[in-house]
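Novice: Provide a 3D model corresponding to the input given below.
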Amino acid sequence: VSKELETDPSLAAVIRIRRPLVYRSINSLLNAKFIRETKVEPGDQGSPRVIYATTATGKITTAKW
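Specialist: Alright, predicted model coming up:
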């Protein structure tokens, strides 16, 4: 998320998302079965990078929203 916001300074000036909020949100989405872990790959700085995908439930919920 941080990398995406870095590419658009006008958006980064308005929205500030802290890393702990991102991880809490991911956990909430996992618990609600809206996303699932699809892949784990080596990270750039030590920690593995986890790739997530939207589940069918997540897609339906997003469409309703």
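
Novice: CA only for contacts and neighbour counts going forward, please
Specialist: Fine.

Novice: just the helices in this protein please.
Specialist: When secondary structure is read from DSSP state H, the chain shows helices at 2-6, 9-14, 19-31, 56-64.

Novice: ok and the last one relative to helix 19-31, angle-wise?
Specialist: Put plainly, it is helix 56-64. Using axes from the mean of the first three to the mean of the last three Cα atoms, to 10 degrees, the inter-axis angle of helix 56-64 relative to helix 19-31 is 110 degrees.

Novice: All further residue positions should be reported with the first residue as 796.
Specialist: With 796 as the first residue, the last one maps to helix 851-859.

Novice: Using neighbour counts, pick out the buried residues of helix 851-859.
Specialist: When burial is assessed from 16 or more other Cα atoms under 10 Å, helix 851-859 yields the following buried residues: Gly853.

Novice: roughly how far out does it sit from the chain middle?
Specialist: Averaging C-alpha positions (Cα atoms, centre = their mean, to the nearest Å) puts helix 851-859 16 Å from its chain's average.

Novice: swap in the longest one?
Specialist: Helix 814-826 sits 7 Å away from the centroid of its parent chain (Cα atoms, centre = their mean).

Novice: List the contacts of that helix.
Specialist: Contacts to helix 814-826, defined as Cα atoms under 8 Å, 6 or more residues apart in numbering, come from residues 830-831.

Novice: So which residue is smack in the middle of this protein?
Specialist: For the chain, the residue nearest the mean C-alpha position is Ile821 (5.8 Å; Cα atoms, centre = their mean).

Novice: List the contacts of the nearest residue to Glu832 once chain neighbours are set aside.
Specialist: Take Glu832 and drop its neighbours on the chain: the residue closest to it by Cα to Cα, 6 or more residues apart in numbering is Tyr847, 4.5 Å away. Taking Cα under 8 Å, 6+ apart, we find Tyr847 in contact with 830-834.
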